[in-house]
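1. Sequence below, structure please.
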Amino acid sequence: MKFRPVALIVLLLLSATGCGPTLAAFIAEADALCKRGEAAITSLAAPDSVAKVKEFGEKLAAETKKLVNQLAALKPPRGDDAAKTKAFVDDLRAAGNASEELGKAAGKEDFPGTEKAVADTDKAFKKADDSARTAGFKVCGKAGAAAAASVAAPTPGLLKNAYIAKADALCGTANNEQNAIPQPESLEEYANFIDKILVITDKLTTDLKAIAPPAADKAAIDEWLAANDALRAVVVDLQAAARAGDEDRFLEVLDRFTAMSNDALLKGDRIGFRDCGSAGANAQ
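-> The predicted structure is shown next:
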């Protein structure tokens, strides 16, 4: 029997077992990269405005993608372990893409889109962290998951505040325009006065409805908008009574208008509005 040269036997063994590093060696090298690369992620401060959410998403995406490229450049571990480590890198890449979408949505002040993107980012980084633990990493994945959680926590409140600020700015402008109209002193003047008020309030309603609210606050905001829509119909009735010179009817409708107006303002107060709520109405 002929014996194969030792060198050939070694080559055959290597080809059978793979020539990559062991899983432990791969993890050690990858964790070292993550320790350096995730330092920038750890330093990200939790955002305190929607503009800061945009910056946070952009920076988290950039640092994550940089780290993904470094990890992907490593020689994978031998055998079946390569699939586990690849799953983590793939999940981390997906998390980076999710945070990029977060930056885009926040930059457009797309409140529902930002709400969804922050939830997707949080979920994606948690999945990457789970994959890291399954593969056996000690460092990789943790910083991204913590960073995503830190942006997920304050974002609902930040989106609501940003929506309120945009709506209040519109209401403030409308309030000022209404205040500039001379107050009526007769039923006839009331009819013309209401014509001017409706021009302002119709534009305000259109502009308000053009702002998509955060999903978490949509029900309350829709209810408030509906209350204001119902109020418009009463204003039209009030104008009709004024034009007809029907004082009794005018006073009857005015009582209904006052009650419904107070209800709409209360709904606005509960949301947190100032100029769209009682404070804005009382300033007139």
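
2. How is residue 275 assigned, secondary-structure-wise?
-> Three-state call for residue 275 (DSSP: H, G, I helix; E, B strand; the rest coil): coil.

3. Name all residues that make contact with the most centrally placed residue in the chain.
-> In the chain, the residue lying closest to the centroid (C-alpha atoms, centre = their mean) is residue 114, at 2.4 Å. Applying C-beta atoms under 8 Å, 6 or more residues apart in numbering to residue 114 gives the contacts 50, 53, 102, 105, 106, 155, 159, 214. Yep, even glycine has a C-beta here, placed from its N, CA and C like the rest.

4. and those, which are buried?
-> 50, 53, 102, 105, 106, 155, 159, 214 (16 or more other C-beta atoms under 10 Å).

5. Max pairwise distance over those residues: which two?
-> Greatest spatial distance in the buried ones among the contacts of residue 114: 102 and 214, 14.1 Å, computed using C-beta to C-beta.

6. Just the closest of the contacts of residue 114 to residue 61, please.
-> residue 102 (7.8 Å).

7. Per-residue pLDDT of the closest one, please?
-> You'll see residue 102 listed with a pLDDT of 98.

8. quick one: residue 73 and residue 230, what's the gap?
-> To residue 230, residue 73 is 63 Å away according to C-beta to C-beta, to the nearest Å.

9. higher neighbour count, these two?
-> Counting neighbours by other C-beta atoms under 10 Å for residue 73 and for residue 230 shows that residue 230 has the greater number, 12 against 8.

10. isn't the more buried one right up against residue 260?
-> Yes: between residue 230 and residue 260 there is a contact at 6.5 Å, judged by C-beta atoms under 8 Å.

11. Now residue 40: which helix or strand?
-> Per DSSP states H and E, residue 40 falls inside helix 39-42.

12. Now find how far off-centre that helix is within its chain.
-> Centroid separation between helix 39-42 and its chain, computed with C-alpha atoms, centre = their mean, to the nearest Å, is 22 Å.

13. So what touches it?
-> 59, 60, 63, 64, 143, 144, 146, 147.

14. And stretch 256-268, by the same measure?
-> Contacts for stretch 256-268 (C-beta under 8 Å, 6+ apart): 220, 223-224, 227-228, 230-231, 234-235, 238, 276-278, 281.

15. Go again with 6 Å.
-> The contact list for stretch 256-268 (C-beta atoms under 6 Å, 6 or more residues apart in numbering) reads 224, 227, 228, 231, 234, 238, 276, 277, 278, 281.

16. show me what contacts residue 177?
-> Contacts of residue 177 (C-beta under 6 Å, 6+ apart): residue 200.
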